[in-house]
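Engineer: One predicted model, sequence on top.
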Protein chains: 2
Amino acid sequence: MRYEVRKTSYILATETAAMSQTQHPLPTDGELEILQILWEKGPVTVRQVNEAMNLLRPVGYTTTLKLLQIMDSKGLVSRDSSQKIHVYAAALPPDQTRKALLDRFLETTFQGAAGEMVLQLLGGHRTTEDELSRIRKMLDHQDNQNA
Amino acid sequence: MRYEVRKTSYILATETAAMSQTQHPLPTDGELEILQILWEKGPVTVRQVNEAMNLLRPVGYTTTLKLLQIMDSKGLVSRDSSQKIHVYAAALPPDQTRKALLDRFLETTFQGAAGEMVLQLLGGHRTTEDELSRIRKMLDHQDNQNA
DNA sequence: CTTAAAATACGAAATCATTCGTAGATGCGT
DNA sequence: ACGCATCTACGAATGATTTCGTATTTTAAG
């Protein structure tokens, strides 16, 4: 008995999620929220992170601190503790982390059918001309690789 | 110091996740795993779901049952309990549920930048010609809408 | 040096999701 | 009707993540 969900879609990953995240676990939702701030602001103090968080929703200072400490222990952020006030920065660039999260999401939600996912996505979003052309270029590039 | 995340991307959703999921909460990971089975197999008994689950990993029968009961209480599945052996089916079609999950993922992980997400996706996946052409058609359709 | 303000460390509560054990109901074969 | 296999119901343990309270440390000002 087989589970058949994919229809016209057939995708091969060139690289596994595990390979792209060597050493680092995937961030949890709360951790990702902090990473987004770190990616945007660069190296910052706990207070700066917490203030950014509080623009979105109320979060206690020690909550933010604790999460950053956990993330440090997981290797998701680096910490400069040479001064009293520690400065945190994301350990990995956004692309790499987002790609790893995307791979997992694609697998769990679309069972690996990348094309299906793109169609769902474009079906519900208005996209700019510039973006469309960048995507076309990427498609052409894929074409060359396949040929 | 700045990590620039969005560059040329600018997206507007035409519909919010909440709008597309009127009435139904988003499934959790475990619930989604069961939904995938229901979508593939159609209306089935708890035992059938559990057997499908056990092809992937060991799960106790009552675990599967409990999850289905929870999903029923959330409205994620429908249940026919007219017979002794209940029969469950997904309450929503896969497209609608996956789209809602995709919207949330896009927001939390890519901060809404759909184009960035597509680029990340295509950057790491080998895609079939058929799939590429379907995506091109969708791009052209978007073009028309934008014009 | 003393104190106050502000930071870090960390245990533990709170929350959410998953897993399972046990109790009780149901139906089937004999 | 009896007993066994199988089902549903459901409380509760487990596990993961998030949140916070409290203790301690550090720095800088007076």
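Structural biologist: Happy to help now that I have it. Numbering: from 1, shown residues only, chains lettered A, B, ... in the order given.
Engineer: if I look at the spatially most central residue of chain A, how far off is A:Pro43?
Structural biologist: Centroid-nearest residue in chain A, with CA atoms, centre = their mean: A:Arg98, separated by 2.1 Å. Distance, A:Arg98 to A:Pro43, using CB to CB, to the nearest Å: 20 Å. C-beta here means a position set from N, CA and C on the backbone, and glycine is covered the same way.
Engineer: Next: A:Leu35.
Structural biologist: Looking at A:Leu35 against A:Pro43, where the rule is CB to CB, the gap reads 13 Å.
Engineer: Ok, A:Gly30 next?
Structural biologist: As defined by CB to CB, A:Gly30 lies at a distance of 20 Å from A:Pro43.
Engineer: In space, what's closest to the residue of chain A found nearest DNA strand D - neighbours in sequence excluded?
Structural biologist: Relative to DNA strand D, the nearest point of chain A is A:Gly30 (2.6 Å; CB to the nearest atom of the strand). Nearest residue to A:Gly30, sequence neighbours excluded (CB to CB, 6 or more residues apart in numbering or on different chains): A:Leu67, at 5.8 Å.
Engineer: pretty sure A:Arg79 is in a helix, no?
Structural biologist: No - for A:Arg79, which was evaluated using DSSP: H, G, I helix; E, B strand; the rest coil, the result is strand, with no helix membership.
Engineer: Just confirm it contacts A:Ala91, I think it does.
Structural biologist: No - A:Arg79 lies out of contact with A:Ala91 (CB atoms under 8 Å); the separation is 9.7 Å.
Engineer: Would you agree A:Arg104 falls within a helix?
Structural biologist: Yes - secondary structure of A:Arg104 (three-state DSSP): part of a helix.
Engineer: residue contacts, the spatially closest residue to A:His24 that is not a sequence neighbour?
Structural biologist: With CB to CB, 6+ apart as the measure, A:Gly75 is the residue that lies nearest to A:His24, at 5.3 Å, once sequence neighbours are left out. Contact analysis of A:Gly75 by CB atoms under 8 Å, 6 or more residues apart in numbering or on different chains lists A:23-25, A:91.
Engineer: What residue spans form the domains of chain A?
Structural biologist: Chain A breaks down into these structural domains: A:26-90, A:94-146 (assignment by automatic domain parsing).
Engineer: Compare the mean pLDDT across the ones you listed and name the weakest.
Structural biologist: Looking at the domains of chain A, the lowest mean pLDDT belongs to domain A:94-146 (a mean of 80).
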